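> A predicted structure for the sequence below; I have some questions about it.
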Amino acid sequence: MTSITTGKASLTMGKALGAGLRRAMADDERVLVMGEDIGKLGGVFRITDGLLDEFGPARVIDTPLAESGIVGTAVGLALRGFRPVVEIQFDGFVYPAFDQIVCQVAKLHYRTRGRVRMPITIRIPWAGGVGAAEHHSESPEAYFVHTAGLRVVAVSNPQDAYTMLRQAIASDDPVVFFEPKRLYHAKGDVDLDAHIADAAPMGLARVVRQGTDVTLLTYGAQVATAMDAATAAEDEGVSIEVIDLRSLSPVDYRTVTASVRKTGRVVITHEAPGEAGMAAELIASITEQCFHHLEAPPLRVTGHDIPYPPAKLEKHHLPDLDRILDAVDRVLDRPNSFPEVAP
């Protein structure tokens with residue numbers, strides 16, 4: 001027997017994710033979790049701590065260090081009617097499973113004309129800011145956004161972590177679920193009684209701050225940075241509307257374009273490199289849908305186009321408040337760090 005905490009609580013994102021898993025497993029006996037060190041250890045980040053004692057080794061499965069085998073096994077379990085939740089220990093460890101995710105998980109539903117569903121949730125501790133090296137601080141979201149047949153989401157706060165994880169597990173579509181590891185210890189209020197059917201669908205973006213001058217689009221841990229930038233810009237009389245995309249595939253373009261048509265200017269920020277990243281796709285789609293409303297070219301503020309740097313250099317790699325505000329100044333044609341080019 002497992003005990004489910006109810007009511008409202010102040011939880012870290014890590015605890016909220018654990019509570020979401022516990023609730024999903026209690027509600028549906030077909031849900032099981034699997035991954036490296038998730039059972040006896042409780043996971044590297046302790047997200048699954050206590051689940052082995054509550055649900056037993058048949059539903060909380062410690063796997064070998066073989067991501068292709070983990071995801072391949074999850075495919076077989078999904079075919080047999082289970083709803084597996086896979087933990088990839090670190091973002092950069094997902095690449096050995098890339099073949100299974102792209103060639104099997106994303107395609108079996110379509111290949112079988114809907115007769116086979118793949119209700120697999122692939123949890124990935126993701127992105128930088130924790131002083132870890134390459135393979136432990138990657139931002140691979142664009143690979144999966146490019147892959148038709150996958151839902152891709154990224155959470156930015158404990159309430160979304162709790163609710164959206166449960167929504168992902170309940171979905172019949174495969175979901176790549178990105179968790180910003182530098183927010184695992186960030187606290188927030190969580191309604192543990194929230195019904196996932198009543199919550200905002202995980203495919204919808206959220207306007208987290210209203211504004212009139214510039215639309216600032218982002219997701220994951222960058223939402224907090226964007227909010228700091230909006231607060232700083234307010235001191236200079238600039239009103240920034242901040243949107244947390246939440247879903248990267250599909251993107252909620254209704255919310256995005258409504259904001260851009262209001263402000264006429266857009267800046268996009270994410271940790272991943274800029275080349276062929278999420279920002280590039282967003283800018284292309286926004287330009288197609290909002291061209292006559294734009295007062296300035298959309299700009300992106302991203303990680304640099306390099307392999308992830310050593311820990312001592314990551315502060316120069318991650319987009320920060322100053323880089324975001326500089327892009328805001330550029331779209332507003334205010335003084336900025338980019339000198340005018342002489343004719």
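It's in.
> Please count neighbours and contacts with C-alpha atoms only from this point.
Will do.
> Any stretches of the stretch 201-343 of the chain with poor pLDDT?
The stretch 201-343 of the chain contains residues with pLDDT under 70 at 339-343.
> if you set the cut-off to 50 instead, what comes out?
Counting by pLDDT under 50, the stretch 201-343 of the chain shows low-confidence ranges at 341-343.
> mind listing the strands for it?
Assignment of strands within the stretch 201-343 of the chain using DSSP state E, counting those that start in this stretch yields the ranges 206-209, 214-218, 240-244, 247-249, 266-273, 299-303.
> Could you check the angle the third one makes with strand 266-273?
In this case it means strand 240-244. With axes from the mean of the first three to the mean of the last three CA atoms, to 10 degrees applied, the angle from strand 240-244 to strand 266-273 works out at 40 degrees.
> Centre of the chain to strand 240-244, how far?
Here strand 240-244 shows a centroid-to-chain-centroid distance of 16 Å under the convention CA atoms, centre = their mean, to the nearest Å.
> now for it, which elements pack on it?
For strand 240-244, the packing partners by 3 or more CA pairs under 8 Å, 6 or more residues apart in numbering; DSSP states H and E come out as strand 206-209, strand 214-218, helix 222-234.
> Show me what the second one packs onto, helices and strands only.
Counting by 3+ CA pairs under 8 Å, 6+ apart, the packing neighbours recorded for strand 214-218 are strand 240-244, helix 253-263, strand 266-273.
> Of all the ones you listed, which one is nearest residue 212?
Set against residue 212 and scored by CA to CA, those come closest in helix 253-263, at 5.2 Å.
> thinking again about what came up before, present the strands of the stretch 201-343 of the chain as TSV; the columns should include distance to residue 37 and mean neighbour count.
Supplementary listing: the strands of the stretch 201-343 of the chain in TSV, determined by distance: least, CA to CA, whole Å; neighbours: other CA atoms under 10 Å:
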stretch	distance to residue 37	mean neighbour count
strand 206-209	34	16
strand 214-218	32	27
strand 240-244	32	25
strand 247-249	28	23
strand 266-273	27	26
strand 299-303	30	23
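> The ones you listed: which one's closest to residue 82?
strand 247-249 (23.8 Å).
> I would like the residues contacting that closest one, please.
For strand 247-249, the external contacting residues (CA atoms under 8 Å, 6 or more residues apart in numbering) are 145, 150-154, 202-205, 278.
> which one among those gets closest to residue 44?
Using CA to CA as the measure, the one of the contacts of strand 247-249 that approaches residue 44 most closely is residue 154, at 19.5 Å.
> Quick check: closest non-adjacent residue to that closest one.
Using CA to CA, 6 or more residues apart in numbering and skipping residues adjacent in sequence, the residue nearest residue 154 is residue 178, 4.6 Å away.
> Likewise for residue 120?
residue 174 (4.8 Å).
> Spit out the contact partners of residue 255.
With contact set as CA under 8 Å, 6+ apart, residue 255 has these partners: 204-207.
> can you check residue 310 too?
Contacts of residue 310 (CA under 8 Å, 6+ apart): 131-134.
> Quick check on the residues you listed: which are buried?
For the contacts of residue 310, burial is judged from neighbour counts taken by 16 or more other CA atoms under 10 Å, and it is met by 131-133.
> can I get the residues you listed in JSON lines with secondary structure?
Written out in JSON lines, the entries for the buried ones among the contacts of residue 310 read as follows (DSSP: H, G, I helix; E, B strand; the rest coil):
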{"residue": "131", "secondary structure": "coil"}
{"residue": "132", "secondary structure": "coil"}
{"residue": "133", "secondary structure": "coil"}
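> Cool, thanks, talk later.
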